[in-house]
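In: coordinates for the following, if possible.
(one chain, ligands or ions: 1)
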Amino acid sequence: MAANSSAVWQKGRVVEVRDVARDIRRIVIEPDAPVRAAPGTHVDVVVDLNGVREVRSYSVVETHDDGTRLALSVFRTRTSRGGSVFMHALAEGDVVELTQPMQNFPLRVGAARYVILAGGIGVTAVLGMARVLAKLGADYRFVYVGRSRDAMAYLDELAAEHGDRLEAHVSAEGSALDVRALVGGLDPDTELYMCGPIRLMDAVRRTWQDFGLGLPSLRYETFGNSGWFDPEEFVVRIPRLGIETVVPQGRSMLEALEAAGADMMFDCRKGECGLCEVEVLELSGDIDHRDVFYSERQQQASAKMCCCVSRVTTAKSAPHRNPGRAVVSIEVS
Ligand code: FES
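Out: Next up is the predicted model:
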């Protein structure tokens with residue numbers, strides 16, 4: 001089971017579950033040792049995957065009454081690694097193990113202007129920030145991107161709360177976000193906070209650099225589970241240790257290697273810290289880099305990968321080049 005060394009673990013009782021959008025369920029928990037959660041915080045939760053205990057991170061959507069109740073919202077993905085299936089099966093009265101809220105995506109108060117940008121379930125990481133900015137009377141825009149309204153959690157509540165500061169971009173309605181227009185229209189005093197799919201965040205990061213905006217003003221949180229290609233089953237080998245194992249669609253390479261007996265290093269498990277880095281010795285297929293740790297140049301070199309989120313795929317290659325499963329041989333530190 002993965003563990004964050006700075007985490008304070010506790011038990012919590014589920015007191016409310018309800019759907020807030022298609023495939024998104026709100027789960028409210030009363031923790032044993034409540035702590036008020038600041039915007040941008042998340043909790044780690046132990047999920048039981050057929051007897052295997054693993055940890056998943058979920059943004060704290062909101063807390064009530066000094067943290068005595070905290071709300072999460074969990075998206076059940078088509079390619080779930082099991083965590084969202086476990087969370088969606090929770091019922092009122094169930095007890096879970098979770099950490100106190102942990103912060104690695106803080107809101108810096110005092111900027112001249114803000115853009116809060118949410119893609120899909122990424123709204124859970126940023127809606128608390130928008131709420132604080134509204135309370136402070138700050139100059140902000142809340143840009144919320146989704147495929148269709150029924151898949152956008154809290155959309156009506158956010159519209160009521162933020163009025164015309166909320167801009168909904170809904171692909172199914174032909175109003176998809178024009179990233180260039182958004183970023184190109186910002187002045188250098190604007191801070192942008194975003195959370196969403198890797199394609200959206202990558203487009204914003206590249207455009208941000210194209211326009212010469214300061215990188216410290218661009219802040220983001222990843223989920224570490226959305227990639228450029230649909231996840232495929234692939235094979236990973238560590239020749240030095242004589243390990244070879246299959247990484248199924250619903251499991252990360254890190255988890256598969258741990259299950260195969262490898263002693264792995266990791267921390268965030270979201271593609272942010274780089275601790276789980278492995279060296280790529282041989283590759284049949286291509287790497288679907290899903291981290292935000294490496295630069296674009298490092299990702300293109302494909303000499304290393306963050307095995308907590310990144311995968312190997314045949315989707316980029318002509319099928320005759322890589323018939324069957326992709327295979328990667330690696331070395332771990
Ligand atoms: S554990 Fe942090 S990038 Fe993989």
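In: where in the stretch 1-150 of the chain is pLDDT low?
Out: 1-5, 65, 79-81 (pLDDT under 70).
In: could you redo the last one with a cut-off of 50?
Out: Counting by pLDDT under 50, the ranges of the stretch 1-150 of the chain that qualify are 1-3.
In: all strands of the stretch 201-333 of the chain, in order?
Out: With DSSP state E, counting those that start in this stretch, the ranges of strands along the stretch 201-333 of the chain come out as 218-221, 234-238, 243-247, 277-284, 286-288, 304-306, 311-313, 326-332.
In: now Phe105. Nearest residue, chain neighbours left out?
Out: Spatially, and ignoring its direct neighbours in sequence, Phe105 is nearest to Gly40 (3.7 Å; CB to CB, 6 or more residues apart in numbering). (Each C-beta comes from the backbone N, C-alpha and C, glycine too.)
In: mind listing what the one you found touches?
Out: The contact partners of Gly40, by CB atoms under 8 Å, 6 or more residues apart in numbering, come to Ser59, Gln103, Asn104, Phe105, Pro106, Leu107, Ala125, Val126, Gly128, Met129, Tyr193, Glu221.
In: about what we covered before: quick one, which of the strands of the stretch 201-333 of the chain is nearest to the ligand?
Out: strand 304-306 (4.1 Å; CB to the nearest ligand atom).
In: is any residue of the closest one near the ligand?
Out: Yes: counting by CB under 6 Å from any ligand atom, the ligand is contacted by strand 304-306 at Cys306.
In: show me what that strand is packed against.
Out: Applying 3 or more CB pairs under 8 Å, 6 or more residues apart in numbering; DSSP states H and E, we find strand 304-306 packed against strand 277-284.
In: quick revisit: nearest to Ala91, of the contacts of Gly40?
Out: Comparing those against Ala91 with CB to CB picks out Ser59 as the nearest, at 21.7 Å.
In: what's around the closest one, how many residues?
Out: Neighbour count for Ser59, taken as other CB atoms under 10 Å: 27.
In: that one bridge partners, please.
Out: Going by DSSP bridges, Ser59 is paired in beta bridges with His42.
In: show me the contacts for it.
Out: Gly40, Thr41, His42, Leu72, Ser73, Thr124, Ala125, Cys195, Glu221.
In: and with 7 Å instead?
Out: Applying CB atoms under 7 Å, 6 or more residues apart in numbering to Ser59 gives the contacts His42, Thr124, Ala125.
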